[in-house]
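**Student:** Give me a 3D structure for the following:
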Amino acid sequence: MQGDYYAFRQAELNNTLSELEQAAVALSKARDRQARQQAENQMAQAARNAVAIAPHLAYLWFWARKEEPGEEDSKRASEIANSIRDAWQKKIGGRAISDAFHLTPDMSAIAQMPPLSFMLRIPFRLQKPYISKDESDFYLLDNPLRKEKVFQAPMMAATSWKGALRVALWQLGYKQDHEVTIRLLGNPRESEEGQAGRLHFFPTFFDKIGLEVINPHDRRTGVGARGPILMECVPQGTTGDLFLLYVPFGPSGQSEKDRRAEVAEDLAIVAKGIQAMLTTYGFGAKISSGFGIAQDQLADEGKLAIRAELAGEATSTPAAPPEPEQPKLPRYLESPGVLHPDLRRADGSLKSEDEYRLLIEGQGKKYGKKHRQLYEKAKRWWEREEQKLSEATPREQESEPELTKAPSVSDYTFRSLSELCDLAQHVAKQLRKEGDS
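**Tutor:** All right, here's what the predicted structure looks like:
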C-alpha cells in the first residue's frame, strides 16, 4: 500500500519533475548572464513547486538518478536534487500545537492528587541544539528529527525524558538498583518485580526546526571520512516546557513521618537530577558531542506546586469553576419558574385564553396565530408545573451538607535551575520538620 501511495505522488510530480529537468538543461546551455539568471529562477520556482507536493520523493528521485551513466547527466541530477533540498530547507519549521488540545498538563490539577504529590514546570532554553532520531523510513535526510505523528511538531517523548533522567541520576551515584532510583523511576524493564515509579513524565513540544552539519574526520589522517552530514535539529535558543508529576504511593502501613521523609528526599534528588540532566549530561541524541544542553537560567518563571499546606508558606486553593451560563428563557416566562406579566394573573397563575386575547386587543394589536401559539406553549408549561406541585410530598427540610475544606496547595516559583535546587532543599526541610512535629 505504501508503494502505491508513492507511485500516486510521483504521478502528481511528473509535470514538476519535467520542469526541473528542462530548467536544468537550460541552465547548462546558458551562455550569458541574463539567460543564466532566468534559468536559475525557473529552476528555483520548479524546486519550490516540488517541495509543495512531495519534497522527500522529489529529492530522492533525482538523488537516485545521479548514479546514471554519463558525467553530464549525473551532475545535472545532483544539481536538481540540491535545489530541491535548498527549497525544502527554507520552508521547514516547527508546527506549534495549540493549547486547545491540552497536550500539556494543568498545574491546578495537583489539587486533585493525593497528599504530598507535587508537580514541576520547567521552561528551559536550549544552549546547544537538540537532536533525536525519528522512525521515518522515507525522508529527505537520513537523520530526521522525531516528530509528533499527527501535527508533525518536533518533540521530546515522555519516555525519552525518563531515560535521560535515569542516566543523569546514574552519573550522580544513584545506580539502577539504588532505592531512590527504583522509587522514582521504577524497576528496569527486564526486572521481574515490575514496580512502577512515582515520577510521571509528559512530552515536550518545540516550535522550531533547523539543520545541523557535522563532518566526521578520520582519526588517523584527519581528513573528512564521509563529507558533511546534514541532521535535523531543534536549534539553539529554542524554548520548551518540561513537566513532571510526582505521586507518593507506598506501603499502606507507612507512617506519616516516614512518608514525608521519603517525599523530602525525592524532591531534593529530582531537582538535583534535573539540573544535571539539562545543563551537564544532556538529553536526546549525540549528547557526548555536546548536543541537548539547556541554560541554567530559565526562559520563563518555573513553578513547583505541592499538595500540602506547609507552615509559614503561602497556599492556594483551586479556583471555583465558573457558573454555567443560564439558558435563554422562552418568551412566555419572565424569569425561571415565573410567567410573563401578559400571561400571569395577580396570584401568579395562568390567565385564560380569553383574558389574554382581550389584553392583546386592548393594546391595539390583532390576536393572531403567533399569539395563539405562544399561549399554547405557556399553557403546556403551566400544566407541567401544576403536575409537579401535586406530585410533590411535603418533607422535612434537610440540613445543609457540611462543605469539605478545599485541599491546600503550596505554590513556589523559581527563575533558574540552581534556584530550583535551593528551593527543593528548603521545601524538603519543611516537610521533615512537620513530619517530626
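**Student:** what sits against Ser191?
**Tutor:** If you count contacts by C-beta atoms under 8 Å, 6 or more residues apart in numbering, Ser191 has none. From N, CA and C alone the C-beta is placed, and that goes for glycine too.
**Student:** By residue count, which strand of this structure is the longest?
**Tutor:** Ranked by number of residues, the top strand in the chain under DSSP state E is strand 297-306.
**Student:** for that strand, packing partners?
**Tutor:** If you count contacts as 3 or more C-beta pairs under 8 Å, 6 or more residues apart in numbering; DSSP states H and E, strand 297-306 packs onto strand 118-125, strand 409-416, helix 417-436.
**Student:** Within the sheet, what are the partner strands of that strand, with directions?
**Tutor:** strand 118-125 (antiparallel), strand 409-416 (antiparallel) (DSSP bridges).
**Student:** downstream neighbour of the first one in the secondary structure list?
**Tutor:** Spelled out, that is strand 118-125. Next in sequence after strand 118-125, counting helices and strands by DSSP states H and E, comes strand 155-156.
**Student:** what are the pairing partners of that next one, and which direction each?
**Tutor:** When DSSP bridges is applied, strand 155-156 pairs with strand 204-205 (antiparallel).
**Student:** need the next SSE after the partner strand, C-terminal direction.
**Tutor:** Strand 204-205 is succeeded, C-terminally, by strand 210-214 (DSSP H and E).
**Student:** can you count the residues close to Pro154?
**Tutor:** 27 (other C-beta atoms under 10 Å).
**Student:** Equivalent analysis for His426, please.
**Tutor:** Residues lying near His426 (other C-beta under 10 Å) number 14.
**Student:** Now do the contacts for Ser418.
**Tutor:** 275, 296.
**Student:** And it, what's its pLDDT?
**Tutor:** pLDDT, the model's per-residue confidence, is 94 for Ser418.
**Student:** show me what contacts Phe291?
**Tutor:** Counting by C-beta under 8 Å, 6+ apart, Phe291 makes contact with 128-131, 212, 233, 282, 284-285.
**Student:** Can you report how many residues lie near the closest residue to it other than its chain neighbours?
**Tutor:** Using C-beta to C-beta, 6 or more residues apart in numbering and skipping the chain neighbours, the partner closest in space to Phe291 is Ile131 (4.9 Å). The number of residues packed near Ile131 is 22, by other C-beta under 10 Å.
**Student:** And for the one 3 residues further on?
**Tutor:** Taking other C-beta under 10 Å as the neighbour definition, Asp134 ends up with a count of 15.
**Student:** Domain boundaries for the protein, per the record?
**Tutor:** As assigned by automatic domain parsing, the chain contains the domains 2-91, 99-317+414-436, 333-376.
**Student:** now, which of the contacts of Phe291 sits nearest Gly273?
**Tutor:** Gly282 (13.1 Å; C-beta to C-beta).
**Student:** these two touch, right, that closest one and Gly292?
**Tutor:** Yes. Judged on C-beta atoms under 8 Å, Gly282 makes contact with Gly292 at a distance of 3.9 Å.
**Student:** so what sits against both of those two?
**Tutor:** With C-beta under 8 Å, 6+ apart as the test, Gly282 and Gly292 both reach Lys128.
**Student:** the longest helix in this structure is where?
**Tutor:** Criterion DSSP state H: the longest helix present in the chain is helix 2-29.
**Student:** which of the strands paired with strand 297-306 sits most buried?
**Tutor:** Mean neighbour count (mean count of other C-beta atoms under 10 Å) peaks for strand 118-125 among the strands paired with strand 297-306, with a mean of 22.
**Student:** Need the residues that contact that strand.
**Tutor:** Against strand 118-125 from outside (C-beta under 8 Å, 6+ apart): 105, 107, 109-110, 113, 237-246, 263, 267, 270, 274, 278, 294-295, 297-307, 417, 420.
**Student:** Quick check: PyMOL command selecting the buried ones in the residues you listed.
**Tutor:** Here is the PyMOL command that selects only those of these that count as buried (16 or more other C-beta atoms under 10 Å):
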select buried, resi 105+107+110+113+238+239+240+241+242+243+244+245+246+263+267+270+274+278+294+295+298+299+302+303+304+305+306+307+417+420
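**Student:** Just list whatever residues bridge to Phe124.
**Tutor:** According to DSSP bridges, beta-bridge pairing links Phe124 with Gly240.
**Student:** Next: Val213.
**Tutor:** Under the criterion used (DSSP bridges), Val213 bridges to Leu230.
**Student:** Give me the neighbour count for it.
**Tutor:** 8.
**Student:** you'd agree it is up against Ile131?
**Tutor:** No. The pair Val213 and Ile131 does not pass the contact test of C-beta under 8 Å, sitting 11.9 Å apart.
**Student:** Next, show the common contact partners of these two.
**Tutor:** The contact lists of Val213 and Ile131 share Met231, where a contact means C-beta under 8 Å, 6+ apart.
**Student:** residue ranges with poor pLDDT in the stretch 251-400 of the chain?
**Tutor:** 311-327, 389-400 (pLDDT under 70).
**Student:** ranges for the strands of it?
**Tutor:** 297-306, 315-316, 333-335, 338-339 (DSSP state E, counting those that start in this stretch).
**Student:** and Arg432, which of these is closest to it?
**Tutor:** strand 297-306 (13.6 Å).
**Student:** can I get the CA coordinates of the closest one in PDB?
**Tutor:** Provided in PDB are the C-alpha atoms of strand 297-306 (Å, rounded to 0.1, in the frame of the first residue of the first chain):
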ATOM      1  CA  GLN A 297      18.700  30.400  33.500                       C
ATOM      2  CA  LEU A 298      15.100  29.600  32.600                       C
ATOM      3  CA  ALA A 299      13.200  31.100  29.700                       C
ATOM      4  CA  ASP A 300      10.300  31.900  31.900                       C
ATOM      5  CA  GLU A 301       9.200  31.500  35.500                       C
ATOM      6  CA  GLY A 302       9.300  27.900  36.700                       C
ATOM      7  CA  LYS A 303       6.700  26.600  39.100                       C
ATOM      8  CA  LEU A 304       6.600  24.000  41.800                       C
ATOM      9  CA  ALA A 305       3.200  23.000  43.300                       C
ATOM     10  CA  ILE A 306       3.000  20.600  46.200                       C
END
